[in-house]
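A.B. asks: pasting the sequence and the predicted model now:
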Amino acid sequence: MPPRPHTKPNKNIALYPNSHDLASLSREALILKVARHSYCAECDDCHGLAPEDSVKVVLDSDWNAEVSGPVGYITTCRCGHDAGNHAAFQDTTSEEIARRGRVAIRLDELLEDKGKVVDFDYVDVDIASLRKQMRIPEEALSPLSEDVLSLGKLEKLLPIFS
């Protein structure tokens, strides 16, 4: 079958990066992997980036755009926020980004072993335990974000002193 020129991406299918090599992942792919296993910074009850139920997720290594047409990566979570809200890289050190990337890759390896890489609702004891490492420790934040955190802590303490 020849390639389909000038076709629009299929909105009912989204790609997820399959690579487990941190160095070979694009920034977009790394953000997506971390976002999948990270709480949303905007929501209290969203435990990780997940596509709408109507979207079928396919590993990018399994997709042939020349045969099946163009498709994009997951960009928006069912909570309505994007991968950036989940990955929260903007105020994070490069060392912390790499650490969280390695944890996300390990989580994906566990999911792959169980045949659940494209099942965004699957969680077991091992996955839940490892996801605890996805939280950003305060010392990994940039100096500016540490100042913001300090102000937030101060604001929380103010009612105590009033």
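C.D. replies: Happy to help now that I have it. Here the structure is a predicted model, which is why all the values come from computation and not from measurement.
A.B. asks: now stretch 58-68: buried residues?
C.D. replies: Judged by neighbour count using 16 or more other C-beta atoms under 10 Å, the buried positions of stretch 58-68 are 58, 60, 63, 68. Every C-beta, even on glycine, is put in place using the N, C-alpha and C of the backbone.
A.B. asks: how far does it sit from the chain's center?
C.D. replies: With C-alpha atoms, centre = their mean, to the nearest Å as the basis, stretch 58-68 stands 20 Å off its chain's centre.
A.B. asks: re earlier: redo the buried residues of stretch 58-68 as CSV? Include distance to Glu42, pLDDT and secondary structure.
C.D. replies: Putting those into CSV (distance: C-beta to C-beta, whole Å; pLDDT from 0 to 100; DSSP: H, G, I helix; E, B strand; the rest coil) gives the following:
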residue, distance to Glu42, pLDDT, secondary structure
Val58, 27, 94, strand
Asp60, 26, 93, helix
Trp63, 29, 89, coil
Ser68, 33, 81, helix
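A.B. asks: any idea which of those residues is closest to His37?
C.D. replies: Of all the buried residues of stretch 58-68, Asp60 has the smallest distance to His37: 17.5 Å, by C-beta to C-beta.
A.B. asks: let me know the pLDDT of the residue nearest in space to the middle of the chain.
C.D. replies: The C-alpha lying nearest the average C-alpha coordinate of the chain belongs to Ala35 (C-alpha atoms, centre = their mean; 1.4 Å). Per-residue confidence for Ala35 comes out at a pLDDT of 93.
A.B. asks: that one: which element?
C.D. replies: In this structure, Ala35 sits in helix 27-36 according to DSSP states H and E.
A.B. asks: quickly list what Ala14 is bridged to.
C.D. replies: Going by DSSP bridges, Ala14 is paired in beta bridges with Val57.
A.B. asks: which residues are in contact with it?
C.D. replies: 51, 55-58, 71-75 (C-beta atoms under 8 Å, 6 or more residues apart in numbering).
A.B. asks: now, of the residues you listed, which are buried?
C.D. replies: Taking 16+ other C-beta under 10 Å as the criterion, what is buried in those is 51, 55, 57-58, 71, 73-74.
A.B. asks: turn these into CSV, including distance to Ala83 and secondary structure.
C.D. replies: As requested, these are exported to CSV (distance: C-beta to C-beta, whole Å; DSSP: H, G, I helix; E, B strand; the rest coil):
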residue, distance to Ala83, secondary structure
Pro51, 11, coil
Val55, 14, coil
Val57, 13, strand
Val58, 17, strand
Val71, 16, coil
Tyr73, 8, strand
Ile74, 7, coil
